[in-house]
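Trainee: build me a structure from this.
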Amino acid sequence: MRLALPAGPLLRGARELLARAGVEAETDPRDPFSIPQRVADGEFAAGLCGLDHVHEADLEPIAALLDLGLDPTDLVVASLNTAPGPETVASEYPRISRRWAEVNRLPNLRVLPREATDAARADLFLGRVPPGRGPEGGTVRERILRATTWLIARRDAVRTEGPDGPLHALVGRLKQAGIRREILGTQHPSALADPAREGWDRWGRSEEGW
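Mentor: Residues are numbered from 1 along each chain as shown. Coordinates of the predicted model:
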């Protein structure tokens, strides 16, 4: 089975967990934002990435199988200045930013990539921060998601393989390695978020588990 690992801060915890479980994975880590799409396209049978990355991709074929509990982080919206009507948000999450703007009735809010030259002058920040913290120089306006590292796969693969299939075996080995979170089967990951405010549940699509 080809298993995609996330590059960056999620990589160390993912590799340590897989080593405890005796699972081999790709040695070349991938951009975590790209992993849901790579799994959906069939390039990998499964992958590890943050729940925030799965929300940002919002791909119907993807099932969130197991919360590994690694690298918890908060996805927050923070004010960077005292402007009464925010016009710009600096974020690596354009889809989530646009959805947040829609829920909060800010149709003209512009999303600036964090590497953009004018991102430092944005009115808002939407991104990852340590749990319970906020971005430097900003005031947290809303905590919209607690994200940890998850195991994901294509939901059709989960449905069609038998109980002795590779995905079920992988989940079993991860649980034996110390993961005790519930298997969530073919439920769409957007239904798993703990809503931080009314309106977040509009993202949800869910199906019965396996």
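
Trainee: now do the buried residues in stretch 25-43.
Mentor: Buried positions in stretch 25-43, judged by neighbour count with 16 or more other C-beta atoms under 10 Å: 25, 29-30, 32-40. Quick note: C-beta positions are derived from backbone N, CA and C, even for glycine.

Trainee: most remote residue from the chain's center?
Mentor: Pro84 (30.3 Å; C-alpha atoms, centre = their mean).

Trainee: quick check: Val129 vs Arg38, distance?
Mentor: The spacing between Val129 and Arg38, counted by C-beta to C-beta, to the nearest Å, is 26 Å.

Trainee: I figured Ala14 hits Thr149, correct?
Mentor: Yes - here Ala14 reaches Thr149: they are 6.2 Å apart, a contact under C-beta atoms under 8 Å.

Trainee: wait, which of the buried residues of stretch 25-43 is closest to Asp58?
Mentor: Pro36 (8.4 Å; C-beta to C-beta).

Trainee: so which strand or helix has the closest one?
Mentor: helix 35-40 (DSSP states H and E).

Trainee: quick check: mean pLDDT across that helix?
Mentor: Averaged across helix 35-40, pLDDT comes to 96.

Trainee: and what of stretch 2-15?
Mentor: Mean predicted lDDT for stretch 2-15 stands at 90.

Trainee: likewise stretch 157-168?
Mentor: Mean predicted confidence for stretch 157-168 is 87.
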